[in-house]
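Participant: Sequence first, predicted coordinates after that:
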Amino acid sequence: MADHLEASVTLPSDPASVATARRYVADVLSEWGLPAEDDQADSVRLMVSELATNAVQHTFGQSPVFTVELRLERDEQLRIGVTDSHPRWPRRLPAAVQQDNGRGMVIIRWLTAEAGGRLSVSPTEDGGKTVWIALPWRAAARASGADRPR
């Protein structure tokens, strides 16, 4: 595989775009060797779904589009970024907060930690932000049989 692979898609900030983003990511991961039925693929799709939902719901019309980026570096690390142009960064809510929404970042942080990854937020030149998730890439190990029980 190449040392560095990249893919991105920019979508309108519309609820229907969340499913489009999820399908796009599933297709890219499959092209890069991670089968759709793999647990890591499931986790990444859920993370992208939550981040895309945040980009649509919490930008209050100030971000007409959002972008999903995928980067695979040296077949070792998968980086996923969701960028919007709204200036407000995600807020950390206490787990005990009782409300109907606002759990997306809790889910993302938990899945990221469970996978041995890390989450970060960086500003964009236009005053928005990108929420980044970096995860160990496990598709190569699975393909070689390294993860199979012996």
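Facilitator: Everything's here; your move. Not measured: the values here are computed from a predicted model.

Participant: And the most centrally placed residue in the chain, how far from Asp3?
Facilitator: For the chain, Val48 is the residue whose C-alpha lies nearest the centre (CA atoms, centre = their mean; 3.7 Å). When distances are taken as CB to CB, to the nearest Å, Val48 and Asp3 turn out to be 24 Å apart. (Each C-beta comes from the backbone N, C-alpha and C, glycine too.)

Participant: So which elements touch the helix or strand harbouring Val68?
Facilitator: Assigned by DSSP states H and E, Val68 falls within strand 65-73. Other helices and strands packing on strand 65-73, by 3 or more CB pairs under 8 Å, 6 or more residues apart in numbering; DSSP states H and E, are strand 4-12, helix 16-31, helix 39-57, strand 77-84.

Participant: Which secondary structure elements does the shortest one sit against?
Facilitator: Using 3+ CB pairs under 8 Å, 6+ apart as the contact criterion, the neighbours of strand 77-84 among helices and strands are helix 39-57, strand 65-73, strand 129-136.

Participant: Which one, of those, ends up nearest to Val106?
Facilitator: Taking CB to CB as the criterion, Val106 comes closest to helix 39-57 out of the helices and strands packed on strand 77-84, the separation being 9.4 Å.

Participant: CA atoms only: put the closest one into PDB for me.
Facilitator: Once side chains and other backbone atoms are set aside, the C-alpha atoms of helix 39-57 remain, and they are given as PDB (Å, rounded to 0.1, in the frame of the first residue of the first chain):
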ATOM      1  CA  ASP A  39     -15.500  -3.800  14.200                       C
ATOM      2  CA  GLN A  40     -13.100  -1.000  13.400                       C
ATOM      3  CA  ALA A  41     -15.100  -0.100  10.400                       C
ATOM      4  CA  ASP A  42     -18.300   0.000  12.500                       C
ATOM      5  CA  SER A  43     -16.600   2.300  15.000                       C
ATOM      6  CA  VAL A  44     -15.300   4.700  12.400                       C
ATOM      7  CA  ARG A  45     -18.700   4.900  10.700                       C
ATOM      8  CA  LEU A  46     -20.400   5.700  14.100                       C
ATOM      9  CA  MET A  47     -17.700   8.300  14.900                       C
ATOM     10  CA  VAL A  48     -18.200  10.000  11.400                       C
ATOM     11  CA  SER A  49     -21.900   9.800  11.800                       C
ATOM     12  CA  GLU A  50     -21.800  11.600  15.200                       C
ATOM     13  CA  LEU A  51     -19.200  14.200  14.000                       C
ATOM     14  CA  ALA A  52     -21.300  14.900  10.800                       C
ATOM     15  CA  THR A  53     -24.400  15.200  12.900                       C
ATOM     16  CA  ASN A  54     -22.600  17.700  15.100                       C
ATOM     17  CA  ALA A  55     -21.500  19.700  12.000                       C
ATOM     18  CA  VAL A  56     -25.100  19.800  10.800                       C
ATOM     19  CA  GLN A  57     -27.000  20.400  14.100                       C
END
